[in-house]
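J.: A structural model of the following input is requested.
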Amino acid sequence: MNNSDNIKIKNMVFYGYHGVNSAENKLGQNFTVDVELFRCLLDAGITDDINKTTDYTKVFVTVQKIVEGPCQKLIESIASKIADTLLEDKAINAIKVIVHKPNAPIKGSINTDVAVEIYRINP
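T.: The predicted structure is shown next:
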């Protein structure tokens, strides 16, 4: 097993209705998601065979369904659902998921956004 190989898919933007405040659930907002999948890519590199790697389109669609799906109060829940769903692929050894909420309703000034990052290892 080679955990130093990884696939990064960054800045996926989706519109969702997540948040603790009822206005967020009604109006919605953009969420940005980054995923890093840790898996051995040696065979894919040697064979040039898509079946030896993770299909980026499938990852995108999976994340999209979760973020654009049912309302969650916390971005921690969204990140968890993404990680748990993608880890169903046993070829993925571990995953890092970052969910950004650029327009979090916080009084004050934030130069970037609020984000949650989780790292999970496939059992």
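
J.: ok, now which ones touch residue 27?
T.: residue 17 (CB atoms under 8 Å, 6 or more residues apart in numbering). C-beta: built from backbone N, CA, C; applies to glycine.

J.: run through the strands of the protein in chain order.
T.: Per DSSP state E, the chain carries strands over the ranges 6-16, 29-38, 94-101, 114-121.

J.: listing partners with orientation, what would you give for the third one?
T.: Put plainly, it is strand 94-101. Sheet pairing for strand 94-101, assigned by DSSP bridges, gives strand 29-38 (antiparallel), strand 114-121 (antiparallel).

J.: tell me the most buried of the ones you listed?
T.: strand 29-38 (a mean of 20; mean count of other CB atoms under 10 Å).

J.: quick one: distance of that strand to the chain centre.
T.: 4 Å (CA atoms, centre = their mean, to the nearest Å).

J.: what's the lowest-mean-pLDDT helix or strand in the chain in contact with?
T.: None of the helices or strands of the chain scores lower by mean pLDDT, DSSP states H and E than strand 114-121, at a mean of 84. Contact partners of strand 114-121, identified using CB under 8 Å, 6+ apart, comprise 74-76, 79-80, 83-84, 87, 93-101, 104, 106.

J.: narrow the residues you listed to those that are buried.
T.: 75, 79-80, 83, 87, 93-101 (16 or more other CB atoms under 10 Å).

J.: so where's the chain uncertain?
T.: 1-3, 108-113 (pLDDT under 70).

J.: quickly note the distance from residue 99 to residue 21.
T.: 17 Å (CB to CB, to the nearest Å).

J.: for the residue lying closest to residue 60 once chain neighbours are set aside, give me its contacts.
T.: Using CB to CB, 6 or more residues apart in numbering and skipping the chain neighbours, the partner closest in space to residue 60 is residue 12 (6.1 Å). Contacts for residue 12 (CB under 8 Å, 6+ apart) come out as 32-35, 60, 63-64.
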